[in-house]
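Colleague: Need coordinates for the following:
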Amino acid sequence: MSRFLVCFWLFGLISLTLVAQTKPSSSDVAAIRSLRTESNQAIQAKDLNRFGQTMLPEIDVTRGSGSHVSGRDSVLASVAVQFKDPAFLGYVRYTERIDISTTSPFAAEHGHWEGRFRRSDGIQLITGTYLAMWRKTDSGWKIRSELFVSLSCTGSAACGK
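Modeller: Numbering: from 1, shown residues only. Below is the predicted model:
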């Protein structure tokens, strides 16, 4: 009987240890929220270097238009074109929920986004939803992939194009 109790106790201790190791941390959620804020600020400042610091080199991005860009260098090159465009007023991503995986070094960030562009007939506002996959690395959380879906466009005749 005592052998059974010892085995039961050890099983319980190991189970509790594993649960404690995989329990999502509120500090992970806070870190991702902070990095998203930094990324939004980098876009507003049109700071390409700072914007790229949140991304893994192998990032994949599907834009709201459906086009796809692979790799941090390619993403930054395409964003650099927008940063130079005087019509580009910025993008903002609004985090609604972050889910931290209990089985792998990943997190899912869910939210909505908006992009603003100056047009001859007003300010074009494009809005939609997004999902970002984050990976925890030795240097902190980094974005592995992002999927943006455009859902509405208002404020300009350019929306119909």
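Colleague: Report the beta-bridge partner residues of the residue most central in space within the chain.
Modeller: The geometric centre of the chain, computed from its C-alpha atoms, lies nearest to Ala132 (C-alpha atoms, centre = their mean), at 3.7 Å. Beta bridges link Ala132 to Glu109, Glu146 when assigned by DSSP bridges.
Colleague: Please give me every residue in contact with it.
Modeller: 93, 108-109, 111, 143, 145-147 (C-beta atoms under 8 Å, 6 or more residues apart in numbering). Where C-beta positions appear, they are placed from N, C-alpha and C, glycine not excepted.
Colleague: same check, this time on Leu56
Modeller: Counting by C-beta under 8 Å, 6+ apart, Leu56 touches 72, 135, 137, 142-144.
Colleague: Just the buried ones out of those residues, please.
Modeller: Neighbour counting with 16 or more other C-beta atoms under 10 Å marks 72, 135, 142-144 as buried within the contacts of Leu56.
Colleague: Of all pairs in those residues, which one is the farthest apart?
Modeller: Greatest spacing in the buried ones among the contacts of Leu56, by C-beta to C-beta: Arg72 and Arg135 (13.1 Å).
Colleague: now that we're looking at the closest residue in space to Leu76 that isn't next to it in sequence, how far away is Gln44 from it?
Modeller: Leaving aside its sequence neighbours, Leu76 sits nearest to Gly52 (C-beta to C-beta, 6 or more residues apart in numbering; 5.1 Å). Distance of Gly52 to Gln44, given as C-beta to C-beta, to the nearest Å: 15 Å.
Colleague: Between these two, point out the one with more neighbours.
Modeller: Gly52 (17 against 12; other C-beta atoms under 10 Å).
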